[in-house]
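Enquirer: Sequence first, then the predicted structure:
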Amino acid sequence: PARHGRRDQEGRGHQRRQQADAVAHAVGDFLAQRLVARGGRRVRGGDGHTGPFCALSRRGAPHRSGTLSSMPPTSHAPAKTAAASAMSPGLIVLLLSLLLGLQPVTTDLYLPALPALTEGFGASMAQAQLTLTALLLSFGLSQLVWGPLSDRFGRRPVLLWGMVAYVAASVGSALAASMDLLIVWRTVQGAAMGAGVMAARAVVRDLYQPVDAARAMSKGLSGLGVIACASAPLGGLLSDLFGWRATLLGVAVFGAATLALIALRFEETVPPANRRALHPASLAKTWGLILRHPTFLAFSALSAASYGGLFTFLATSSFVFIKVLGLSKTRYGLLMFSMSLSYIVGTFICRRLLLSLGVRRTVALAGVLTITGGTLMAVLAMVGSTSAWYGPWAIVGPFYLFMLGHGAHQPCGQSGAIGPFPQAAGTASALNGFLMMVAAFAMGGWLGAHMDGTVFPMVYGIWFWSVLITLSAWTLVQRHGHTPRH
C-alpha cells in the first residue's frame, strides 16, 4: 500500500506540473496578445509558439528561431536579435546586399565610361582619378560621423537621410556641366554612400553573434558580388548606347530603388539608443578603446589591405584594358563581370571553410591564394609585358586568385573588426570603413602620379597589397584575431 500511495502521489505531482506548464503557456500567449494590441511585437519560438514565455514551453533551454542564431541580451550583447526582428532572413540578406552593393554600383557602373568621360570634358587623367579618389575619401570620412549618429538615433533614420542625399548627388553627377562640378557631386555622393555601407556592417553586428557574423557578412557580400557582376557590363552597354551620362543616371535609379525598400521594409535593429554616443568625451573614449583594441587593429589591417588591392585594380583597369591592351568597352565589361563572379565563388568557399576551419585558419588559407595571384601577375608583367604573347589573360588569370582570397578576407575582416563592440557597432564600423578608404585614397594619389601608359602601376600596386594582406593574415590575425562569444 505504501508503494501504491507513493505512485499515486507521483502521478498527482506529474499532473500538477503539466497543469502548471499549460497555465504558464496560456498566460504567455495572453500577454503576447496584449503586447501586440499595444503596439508590441510577438516573439516566435523555435517550435512555432508565440509569446514571451515560448522558450520555456518545453521545460528546456531557449529555442533558436529559423536559421538565424539569436543573441541573448547579456551585458556584452545587444538585446535585439535576428530572431526578434520583424524582418525575414531573406529580407535581411537582400537589404545587406543592396546597401553593401552601393560601392560597386557607384564605382564599377561608371568605370567603362571613364575614358570617354575624361575626353568629353577635355580633362587630364589625374582629374579623372579624382572623381574616384574624392568619392572614396568623403566616403571614409563621412562614416566617422554616420557611425556615432546611428548609435545615438538608430540605423533607420541614418539610412533614410543618407539614401536621399545619395540619390540627389547621383542626379547631380549625371547633369554636371564640367569636370569640377562632377568631382563636387561625386564627393557628396561618397559622403552619402557612407551611411548605407556603414549601417549595413553595423546591422550585421546588431543581429548576429560574432561567430555567425562572418557567415552573415559573407552572404551580404555574395549579393554585392552579384551586383558588381552586373554593374560593369551594364555600364559599358549604357555608355555605348546612350553616352557616359546614362551610366551615372543608372546609379541614381539603383539608389532610388534601395531607398524605397528601406522606407517600406527596414525595421530598426539597434538596441535602445545610447544617449551619450554623441557626447564629445564619451565619443573620444569610445574611439580610443576601439583604436587600441588589438582584434580591431588586426582585422582592420586585413580588410584595409584587401580593399587597397581591389581599389588598385578598379582605378586602373579601364585605362589598362581599354587604352593599353585595346579591349572594347563591352569586352571590358564582360571581363569585370568575370572578376565579380570569381569574388562570389570566394565568398561561397569562405562560408564552407568557416564551418570547418574557423575564422583564423580560413583567413590564413586565403592568404596563400592572394600572394600567389599577386606575385604571378607581377612576374608575368616583368618577363613579357612587351612580348607578343602578353595579353589581358596575364592580368586576369592571376587576379582571379586574388579575388578568391578577397572573398574570404573582406567578410572576415569587416565582421571581425566590429565583433568586440556590440554596444558601439556603428562607431566601430565607421572606423573600420574609414581605414579602408584611407588606404584607397593614398593608393589613388600614388596612381594618379605614376600612371604612365603601361601595365606596371597596376601590377606592382596589386603585388604590394598582396604582400600586406598575406602578412596581416598570417601574423596579426593569427595572434589577435580572437572572436568573442557574444
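Expert: Cool, the structure landed. Numbering: from 1, shown residues only.

Enquirer: Show me the strands in the stretch 301-450 of the chain, by range?
Expert: For the stretch 301-450 of the chain, applying DSSP state E, counting those that start in this stretch gives no strands.

Enquirer: Which parts of it are helices?
Expert: Remark: helices assigned in the stretch 301-450 of the chain by DSSP state H, counting those that start in this stretch are 329-384, 393-418, 425-450.

Enquirer: who does the longest one touch, helix- and strand-wise?
Expert: Going back to what we said before, that points to helix 329-384. Helix 329-384 sits against helix 102-108, helix 210-242, helix 294-318, helix 393-418, helix 456-471, helix 477-480, with contacts defined as 3 or more C-beta pairs under 8 Å, 6 or more residues apart in numbering; DSSP states H and E. No exception for glycine: its C-beta is placed from N, CA and C like everyone else's.

Enquirer: re the thing from before, need the helices of the stretch 301-450 of the chain in a markdown table (columns: mean pLDDT, distance to residue 306 and mean neighbour count).
Expert: Shown next, in a markdown table, are the helices of the stretch 301-450 of the chain (pLDDT from 0 to 100; distance: least, C-beta to C-beta, whole Å; neighbours: other C-beta atoms under 10 Å):
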| stretch | mean pLDDT | distance to residue 306 | mean neighbour count |
| --- | --- | --- | --- |
| helix 329-384 | 91 | 8 | 20 |
| helix 393-418 | 93 | 4 | 26 |
| helix 425-450 | 86 | 8 | 23 |
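
Enquirer: Please identify which of those is closest to residue 133.
Expert: Among these, helix 425-450 comes nearest to residue 133, with 3.3 Å by C-beta to C-beta.

Enquirer: is it true that residue 403 touches residue 347?
Expert: No: Residue 403 is not in contact with residue 347 according to C-beta atoms under 8 Å; the separation is 10.1 Å.

Enquirer: Just to be sure, residue 454 is in a strand?
Expert: No: assessed with DSSP: H, G, I helix; E, B strand; the rest coil, residue 454 is coil; it does not lie in a strand.

Enquirer: quick one, what contacts it?
Expert: Residues in contact with residue 454 (C-beta atoms under 8 Å, 6 or more residues apart in numbering) are 324, 385.

Enquirer: Need the pLDDT of it.
Expert: Model confidence at residue 454, given as pLDDT, is 90.

Enquirer: for it, phi and psi?
Expert: phi -120, psi 180 (degrees, to the nearest 10).

Enquirer: Could you report the distance from it to residue 444?
Expert: Using C-beta to C-beta, to the nearest Å, one gets 18 Å for the distance from residue 454 to residue 444.

Enquirer: Repeat that for residue 212.
Expert: As judged by C-beta to C-beta, residue 212 and residue 444 stand 35 Å apart.

Enquirer: What of residue 228?
Expert: Remark: distance between residue 228 and residue 444 (C-beta to C-beta) = 19 Å.

Enquirer: that older thread, can you redo the helices and strands packed on helix 329-384 as CSV, where the extra columns are distance to residue 121?
Expert: Formatted as CSV, these follow (distance: least, C-beta to C-beta, whole Å):
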stretch, distance to residue 121
helix 102-108, 19
helix 210-242, 15
helix 294-318, 16
helix 393-418, 28
helix 456-471, 23
helix 477-480, 43
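
Enquirer: got the CA positions of stretch 128-136 in CSV?
Expert: Listed next in CSV are the C-alpha coordinates belonging to stretch 128-136 (Å, rounded to 0.1, in the frame of the first residue of the first chain):
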residue,chain,number,x,y,z
ALA,A,128,39.6,61.6,-63.9
GLN,A,129,41.2,59.7,-61.0
LEU,A,130,40.0,62.4,-58.7
THR,A,131,36.3,61.5,-59.5
LEU,A,132,37.1,58.2,-57.8
THR,A,133,39.5,59.2,-55.0
ALA,A,134,37.5,62.2,-53.9
LEU,A,135,34.4,60.0,-53.7
LEU,A,136,36.3,57.4,-51.6
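
Enquirer: chain center to that stretch: distance?
Expert: Relative to its chain's centre, stretch 128-136 lies at 21 Å (C-alpha atoms, centre = their mean, to the nearest Å).

Enquirer: Which one of the helices of the stretch 301-450 of the chain lies nearest to residue 131?
Expert: helix 425-450 (10.3 Å).

Enquirer: Can you check what angle separates that closest one from helix 210-242?
Expert: Here the directions of helix 425-450 and helix 210-242 differ by 40 degrees (axes from the mean of the first three to the mean of the last three C-alpha atoms, to 10 degrees).

Enquirer: Return the residues in contact with the residue nearest to the spatial centre of the chain.
Expert: Nearest residue to the geometric centre of the chain (C-alpha atoms, centre = their mean): residue 100, 4.8 Å. Residue 100 is in contact with 197, 200, 220-221, 223-224, counting by C-beta under 8 Å, 6+ apart.

Enquirer: Spatially, what comes nearest to it if we skip its sequence neighbours?
Expert: Take residue 100 and drop its neighbours on the chain: the residue closest to it by C-beta to C-beta, 6 or more residues apart in numbering is residue 224, 4.4 Å away.

Enquirer: and the one you found, how many neighbours does it have?
Expert: Using other C-beta atoms under 10 Å, residue 224 has 29 neighbouring residues.

Enquirer: close enough to count as contact, it and residue 101?
Expert: Yes: using C-beta under 8 Å, residue 224 is in contact with residue 101, at 4.8 Å.

Enquirer: Measure how far stretch 454-467 is from the centre of its chain, please.
Expert: Distance of stretch 454-467 from the chain centroid (C-alpha atoms, centre = their mean) equals 24 Å.

Enquirer: Can you give me the buried ones in that stretch?
Expert: Using 16 or more other C-beta atoms under 10 Å as the test for burial, stretch 454-467 gives 455-466.

Enquirer: which ones are touching residue 167?
Expert: Contact analysis of residue 167 by C-beta under 8 Å, 6+ apart lists 252, 255-256, 259.
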